[in-house]
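[1] Structure for this input, please:
(one chain, ligands or ions: 1)
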Amino acid sequence: MADNPRPRRPRTGPSSTTSSNTRRPERLKRQVPRATEEPAKDEKAKRPSRAQLAKLRAARKTAQEKAKQQTNRRMLIAASAVLTLLFIVGLSYWPSSSSNTPAYPGVPTPTAGPVQPANSQPSIVDLSSSGQAGNHILSPGTDISQAGGFNSFLNQPGTTTLVSTVGSANAAPEVAPVPDDPLLTVSDSTGVRLSLNVEGAARFYDIKAVGPRHFRVTFPPEGPNEYFSWFIARVENAAGQQVQIDIKGVRRHWRSQTPVVCSDDDPSALKNFESRPVSNPRKPVEAAHGPLLPDTSGEQWHFVDEVTNDGKTHKRGRITLHVKHTYKSDSSLIAIRPPYTPSYHENYLASIESDPYVTVHRVGKSELGRPLSVIQVGGLTETARKENPCLFLYAREHADEQDGSWTVQGAIDWLRKGETAEARRLRDEITLLAIPLLDPDGAALGMHDRIMTTFSYITTVPEVTQERTEAVHYTQFLTNWVNAENRLDIVHTYHNPGAAGWHFQCAMIEPDKERAAMLNSLNNAVTRDVESSGYRVDTRPVKKFYAHMRLCKWCRHYGSMNYGYEVNARSTKRHLNLGELRQLGTVILSESARQLHGPRGNSLITDIDALRLQRARRWLMHYGDFDAPDDYTRLKAEDVLSVKSLPEWTEDRELLGRLNDALNRYPQYR
Ligand SMILES: [Zn+2]
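    Prediction:
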């Protein structure tokens, strides 16, 4: 204050130049109110009477109504013009039985549209944008019936713009390695480093060294289709040292999470994910932050030494997890759950490919060129594939939910190895189809939801219909599988929750009333068996809904029944080790198979057979042969077919003629 005294306002006097300036506003102030007061007096004098006011209001109202009617009429004319235009355009896009542009004898196809032929070069979709929002994709769990419904949309020809991002399996590019990002590796003052340049790590965190052997990883707010429950990183140059990692900005369900550490930093090596049987496993130990932690001495992934947390704990609050661990090696991986990465998956496939009970179907390549495959166990002969019940288990439609992969792998290994007498018998009595990692691109980039709701040719959003590479390849395989008369009876999709007290939950049953008894009975049996095997199960009533636009729901085209299962190795009460998580898969598979061979299973098979027959006849009637139509992807063919009339309901002679002709070649569908 002493050094910078406030400058004094200059003294002003009547004779100074500033005096006239300061006075002028005063005069203006006085004049302005006077100018406004005078008209006010006039208005008061001219104020209309009540009767006059009522008249004025009535006149204004009639004028407004007239204007409104005129606008409505104009809008109606404009709308009908647009609709007519759309309808005309639509007729040229949408196949209908009245179209006269057959591509093969008697079968109508669209006359125009920018869908690329199946053998064209694929266009690569920018994942950074497609995974984030994807405006053609409903957010997970969206009830499509609220949005007008799948069928109601299909009934509006002309509202579709066809866009394809699909190429053939052979034309797909080689997989591009995810380049290291220098911003995702940080060093502290002692040379210890934390790196997120790891396969499967998301790349959107802010990471910092906040002190010696102390790092902070900050999660951003979640965007559309994002739900952060996954984290993996590499800790370098830390052998024998305690390092603290703060995971900041995560949902409060993270507070019960106990990360695991592997002293080998290769997430693709099979040896890093083995579960050796332990003769005398120690009893689970209660961690300070809550959960019981099982013995991991037969495995390479071990729970960290200490976890604490702070931050807001109300429902929508974000917390910080403080993870302390003394590392044993110079380069270790730390993750929320043991990761099942695309490179590990390829090594796993290579290791089982020569198993006599296994067939690995290479079905194509992902958008970024990663191999897509379906594992078949059993069904060794054509007769077995056509007659034995078939279960189809897949995981990772949410690409960052690792637990489902290990559960599905557990089921595959139990069956193919014939680990028990029952497994050896079942290998010859059922066919297992399995996809442990549905979305390898999403998994490699640590993304949550990239392709889950792309298993539909038509979306509910009228502007865009987009065929995504993965969806096309998987559905191509499955449709060809069913068209070859192979069975496909029960479909499981596996997820893992952020956190829950249970290890197993049936999260979804289809709301089919006719099948309700079968669906519930099978699920109750599986849940009981899982519980009696020592796992914690969620016994609350199961939600009934169709998982529209997902692969499991798509399989209903073949009459298959589908279930959504949540498996959880990070129960807030007791965590599971890798072996226990795999074992869960064997319990679910064996009980499901048992049910399929029981009396409920027989009525289920009968019901599925009826739907399969309808579908086959419809296919033959509209497409003439199972090889056709050539210019449709199977994804498109199946979806378009699903809204066509049933053979029994049509009187169209051309269609019936084509069906009869086809039935001469396929008498089994008579
Ligand atoms: Zn999920």
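
[2] And the ion, is stretch 402-418 touching that?
    No - Stretch 402-418 is not in contact with the ion by C-beta under 5 Å from the ion; minimum separation 8.2 Å. All C-beta atoms are positioned from the backbone trio N, CA, C, and that covers glycine.

[3] Ile232 - how many residues pack around it?
    24 (other C-beta atoms under 10 Å).

[4] Need the phi and psi values for the spatially closest residue to it that is not a sequence neighbour.
    Leaving aside its sequence neighbours, Ile232 sits nearest to Ala335 (C-beta to C-beta, 6 or more residues apart in numbering; 4.0 Å). Main-chain torsions, Ala335, degrees, to the nearest 10: phi -150, psi 160.

[5] What of Ser332?
    The phi/psi pair for Ser332 (degrees, to the nearest 10) is phi -120, psi 160.

[6] bridging residues for the residue nearest to Ile232?
    Ile232, Val260 (DSSP bridges).

[7] which residues does it contact?
    Applying C-beta atoms under 8 Å, 6 or more residues apart in numbering, we find Ala335 in contact with Phe231, Ile232, Ala233, Pro259, Val260, Cys262, Trp301.

[8] isn't the fifth one right next to Gln300, touching?
    No - between Val260 and Gln300 no contact is recorded; they are 9.2 Å apart, counting by C-beta atoms under 8 Å.

[9] Just the local confidence number for Phe87, please.
    Here the pLDDT value assigned to Phe87 is 39.

[10] meant to ask about Gly601, not that
    Confidence score, pLDDT, at Gly601: 87.

[11] for the one 4 residues further on, same thing?
    At Ile605, the pLDDT value in this model is 93.

[12] One more: Gly223?
    84.

[13] do the same with the one 5 residues further on
    According to the model's per-residue confidence, Phe228 sits at a pLDDT of 91.

[14] What is the neighbour count of Ala637?
    Counted with other C-beta under 10 Å, Ala637 comes out at 24.

[15] how close does it get to Gly624?
    12 Å (C-beta to C-beta, to the nearest Å).

[16] do Glu346 as well
    Distance from Glu346 to Gly624, by C-beta to C-beta: 39 Å.

[17] The two: which is more packed in?
    Neighbours were counted for Glu346 and for Gly624 using other C-beta under 10 Å; Gly624 has more, 20 against 17.

[18] For this protein, list the residues in contact with the ion, please.
    So the chain meets the ion at His398, Glu401, His495 (C-beta under 5 Å from the ion).

[19] what about 8 Å?
    Pro140, Tyr227, Glu397, His398, Glu401, His448, Asp449, Met452, His495, Asn496, Pro497, Glu566 (C-beta under 8 Å from the ion).

[20] quick one, what contacts Val360?
    Leu349, Ile352, Glu353, Ser373, Val374, Ile375, Gln376.

[21] Would you confirm that the second one contacts Ile412?
    Spelled out, that is Ile352. Yes - contact criterion C-beta under 8 Å: Ile352 and Ile412 qualify, at 7.4 Å.

[22] What segments of the stretch 101-250 of the chain are strands?
    102-104, 107-108, 162-164, 185-187, 193-195, 206-211, 214-218, 232-236, 242-251 (DSSP state E, counting those that start in this stretch).

[23] Adding mean pLDDT, write those strands out as CSV.
    As requested, those are arranged in CSV below (pLDDT from 0 to 100):
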stretch, mean pLDDT
strand 102-104, 27
strand 107-108, 28
strand 162-164, 31
strand 185-187, 97
strand 193-195, 98
strand 206-211, 96
strand 214-218, 97
strand 232-236, 98
strand 242-251, 95
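
[24] any chance of these in TSV, plus distance to Pro440?
    Putting the strands of the stretch 101-250 of the chain into TSV (distance: least, C-beta to C-beta, whole Å) gives the following:
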stretch	distance to Pro440
strand 102-104	34
strand 107-108	35
strand 162-164	21
strand 185-187	24
strand 193-195	22
strand 206-211	25
strand 214-218	24
strand 232-236	15
strand 242-251	25
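
[25] Where does pLDDT dip in the stretch 401-550 of the chain?
    The stretch 401-550 of the chain contains residues with pLDDT under 70 at 458-466.

[26] closest point of it to the ion, which residue?
    His495 (3.3 Å; C-beta to the ion).

[27] contacting residues around that residue?
    Counted by C-beta under 8 Å, 6+ apart, His495 has contacts Ala395, Glu397, His398, Glu401, Gly404, Ala507, Gly564, Tyr565, Glu566, Val567.

[28] Report the beta-bridge partners for it.
    Beta-bridge partners of His495, as defined by DSSP bridges: Glu566.

[29] just Phe303 next, same as before
    Beta-bridge partners, per DSSP bridges, of Phe303: Val260.

[30] How many residues are close by it?
    19.

[31] Domain-wise, how is this structure divided?
    Following automatic domain parsing, the chain resolves into domains at 50-93, 190-335, 351-598.

[32] Which one, of these, ends up nearest to Ser645?
    domain 351-598 (15.7 Å; C-beta to C-beta).

[33] Tell me how far the closest one lies from the chain's centre.
    Distance of domain 351-598 from its chain centroid, counting by C-alpha atoms, centre = their mean, to the nearest Å, is 14 Å.

[34] Identify the residues contacting Ala444.
    Ala444 touches Val178, Glu199, Gly200, Thr341, Pro342, Leu368, Arg370, counting by C-beta under 8 Å, 6+ apart.

[35] Tell me who's in contact with the nearest residue to the fifth one once chain neighbours are set aside.
    Read it as Pro342. Using C-beta to C-beta, 6+ apart and skipping residues adjacent in sequence, the residue nearest Pro342 is Pro440, 3.9 Å away. Counting by C-beta under 8 Å, 6+ apart, Pro440 makes contact with Pro342, His345, Ser366, Arg370, Pro371, Leu372.

[36] Quick check: the two most widely separated of these?
    Longest span within those, C-beta to C-beta: His345 and Ser366, 11.8 Å.

[37] Name the residue in the two with the higher neighbour count.
    Just comparing His345 and Ser366: by other C-beta under 10 Å the higher neighbour count belongs to Ser366, 25 against 22.
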